[in-house]
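K.L.:
build the 3D model from these lines:
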Amino acid sequence: MQDYILYAHVGFGILMILFILMQDKGVGFGSAIGGVGGGGFYATQRGAAKVIHIMTIIFAILFFLAALLYIISEYLTGLVS
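P.N.:
Numbers count the residues shown, from 1 in each chain. Below is the predicted model of the structure:
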């Protein structure tokens, strides 16, 4: 079972990286503190950008949960053996 969790963890990590790379370069915290990509502090995401943003958050949460589940399974396996 730990192998499946590890494979899922790697897969979620790869998907999260891909979705991060697909996001627009000019949006985010950097533009809010005076970086490139002016236009103000807050901009509403629409269409594909919003979907990519939401999917990035979902894969980040799944990545974290898979890591936590793997740690717990390793700990429980150590207790049993």
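
K.L.:
so how far is the helix or strand that contains Leu65 from its chain's centroid?
P.N.:
Assigned by DSSP states H and E, Leu65 falls within helix 48-80. Relative to its parent chain, helix 48-80 has a centroid offset of 9 Å by Cα atoms, centre = their mean, to the nearest Å.

K.L.:
and it, what other elements does it pack with?
P.N.:
helix 2-22 (3 or more Cβ pairs under 8 Å, 6 or more residues apart in numbering; DSSP states H and E). Every C-beta, even on glycine, is put in place using the N, C-alpha and C of the backbone.

K.L.:
any idea how far Gln45 is from Ala67?
P.N.:
To Gln45, Ala67 is 27 Å away according to Cβ to Cβ, to the nearest Å.

K.L.:
what about Ile71, distance to Val51?
P.N.:
31 Å.

K.L.:
got it, and Tyr7?
P.N.:
25 Å.

K.L.:
cool, and Met16?
P.N.:
15 Å.

K.L.:
and Arg46, which of the three is it?
P.N.:
coil (DSSP: H, G, I helix; E, B strand; the rest coil).

K.L.:
how near is Glu74 to Met1?
P.N.:
11 Å.

K.L.:
more crowded one of these two?
P.N.:
Glu74 (13 against 9; other Cβ atoms under 10 Å).

K.L.:
name the spans of this protein whose pLDDT lies under the cut-off.
P.N.:
Applying pLDDT under 70 to the chain flags residues 26-43, 81.

K.L.:
find the residue at the geometric middle of it.
P.N.:
Ala60 (2.5 Å; Cα atoms, centre = their mean).

K.L.:
hang on, that one packs against Met16?
P.N.:
Yes. Here Ala60 reaches Met16: they are 5.6 Å apart, a contact under Cβ atoms under 8 Å.
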